[in-house]
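Asker: below are the sequence and a predicted model; questions follow.
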Amino acid sequence: MARAVWQNSGKISRFILESVLRILLSNDDGYFAPGLAALAEALAPLGQVTVVAPERDRSGASNSLTLDRPLRLRTAANGFHFVNGTPTDCVHLAVTGMLDYLPDIVVSGINLGSNMGDDTLYSGTVAAATEGYLLGIPSIAFSLSSHKGKGQYFETAGRLARELVERTIAQPFGQPVLLNVNVPDIPWDQLKGSVVTRLGRRHKAEPAVKQTTPRGETVYWVGAAGPAADASEGTDFHAVEHGFASITPLQIDLTHAAQIGAVNGWLGQDTAGL
């Protein structure tokens, strides 16, 4: 694995990589997305960057794997690889079938739009990083919280991505880590900093939108996400709204430990001897 150290020389401090850093990039917006290009450009000076991304927009794909058909891996003119599958497929295929080495870090994004609170359950951006984490690789998901849906300042998220990747390699956690980073869509000099946050909560989604096609068929669009229910201080919503990048460490254990006793009582089971 690549390792980085700080080098101090007068007023200049910088990371020095002792070996080639191998970075795997993916996303859920597709291999053609401007956020992915910005991320690749930002991280290219750090080492060997390999991009494996979906062939089309797979936003909301969550942690789904394609098991009912084979996957095809192709290469675009710019060198990015793309797969006819989900973000999870892309990372899984790259690590377990395409590459002959284990990447030092998996980075996903830069997503156009935030992935905060309950959105992380559906996010393909977070799912790509999650797959890296499950395969034992430090992984970070980056999203640009753009209210306009255009993404004006991908370079801000790209610059922060480079800093956090450098820090992850220079100061490893000693165990796989999964970070979800949301960056305000503002110029770099307006970013107030980064704060560690917890996930906020949203109200339930808006109702599905019912429409009729020209052929008379009834179709539905999934409703918009609901407004924030918990955007209090300490949440990712609060941080981004106040000009900070939010960094939320995630875990995969879905066990509701506080309800184990209640469910045992509901079943009439005595767990005293367990």
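Answerer: Here it is on my side, so go on. Residues are numbered from 1 along each chain as shown.
Asker: residue contacts, the residue nearest to Asp28 when sequence neighbours are not counted?
Answerer: Excluding the flanking residues, the one nearest Asp28 by Cβ to Cβ, 6 or more residues apart in numbering is Gly124, at 2.8 Å. Using the backbone N, CA and C atoms, a C-beta is placed for each residue, glycine as well. Gly124 is in contact with 27-28, 54, 58-62, 86-88, counting by Cβ atoms under 8 Å, 6 or more residues apart in numbering.
Asker: which pLDDT value goes with Gly124?
Answerer: The predicted local distance difference test score for Gly124 is 93.
Asker: tell me the spacing between it and Glu55.
Answerer: 13 Å (Cβ to Cβ, to the nearest Å).
Asker: Pro172 too?
Answerer: Pro172 is 33 Å from Glu55, by Cβ to Cβ.
Asker: shaky segments in the stretch 1-150 of the chain?
Answerer: The stretch 1-150 of the chain contains residues with pLDDT under 70 at 1-19, 147-149.
Asker: quick one, strands of it?
Answerer: Remark: strands assigned in the stretch 1-150 of the chain by DSSP state E, counting those that start in this stretch are 4-9, 12-17, 21-26, 47-54, 73-75, 81-83, 105-112, 139-145.
Asker: mind listing what's buried in the following helix or strand past the last one?
Answerer: Spelled out, it's strand 139-145. Tracing the chain past strand 139-145, the next element assigned as helix or strand by DSSP states H and E is helix 154-170. Buried positions in helix 154-170, judged by neighbour count with 16 or more other Cβ atoms under 10 Å: 154, 156-162, 164-166, 168-169.
Asker: need the residues you listed in a markdown table with pLDDT, can you?
Answerer: Supplementary listing: the buried residues of helix 154-170 in a markdown table, determined by pLDDT from 0 to 100:
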| residue | pLDDT |
| --- | --- |
| Phe154 | 95 |
| Thr156 | 97 |
| Ala157 | 96 |
| Gly158 | 97 |
| Arg159 | 97 |
| Leu160 | 97 |
| Ala161 | 97 |
| Arg162 | 97 |
| Leu164 | 97 |
| Val165 | 96 |
| Glu166 | 95 |
| Thr168 | 93 |
| Ile169 | 91 |
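Asker: out of these, which is nearest to Thr248?
Answerer: Of all the buried residues of helix 154-170, Thr248 sits closest to Leu164, with 12.5 Å by Cβ to Cβ.
Asker: report the contact partners of that closest one.
Answerer: Leu164 neighbours (Cβ under 8 Å, 6+ apart): 140, 179, 181, 247.
Asker: where's it relative to Ala129, distance?
Answerer: The separation that Leu164 has from Ala129, given Cβ to Cβ, amounts to 12 Å.
Asker: same check on Thr96?
Answerer: For Thr96 relative to Ala129 (Cβ to Cβ), the value is 16 Å.
Asker: okay, the two: which has more neighbours?
Answerer: Neighbours per residue (other Cβ atoms under 10 Å) separate Thr96 from Ala129, with Ala129 holding more: 30 against 10.
Asker: Glu166 is in contact with Leu43, isn't it?
Answerer: No: Glu166 is not in contact with Leu43 according to Cβ atoms under 8 Å; the separation is 9.5 Å.
Asker: quick one: residues contacting Tyr50.
Answerer: Tyr isn't right for residue 50; it's Thr. Per Cβ under 8 Å, 6+ apart, neighbours of Thr50: 22-25, 81, 94, 99, 103.
Asker: kindly recompute the last result at 7 Å.
Answerer: Counting by Cβ atoms under 7 Å, 6 or more residues apart in numbering, Thr50 makes contact with 24-25, 94, 99.
Asker: now the residue nearest to Gly132 when sequence neighbours are not counted: how far from Ala127?
Answerer: Sequence neighbours aside, Val106 is the residue nearest to Gly132 in space, at 2.9 Å (criterion: Cβ to Cβ, 6+ apart). Counting by Cβ to Cβ, the separation of Val106 from Ala127 is 11 Å.
Asker: just Lys150 next, same as before
Answerer: 24 Å.
Asker: again, but for Met116
Answerer: According to Cβ to Cβ, Met116 stands 15 Å off from Ala127.
Asker: need the winner for burial among the strands of the stretch 1-150 of the chain.
Answerer: strand 105-112 (a mean of 30; mean count of other Cβ atoms under 10 Å).
Asker: alright, I will stop here.
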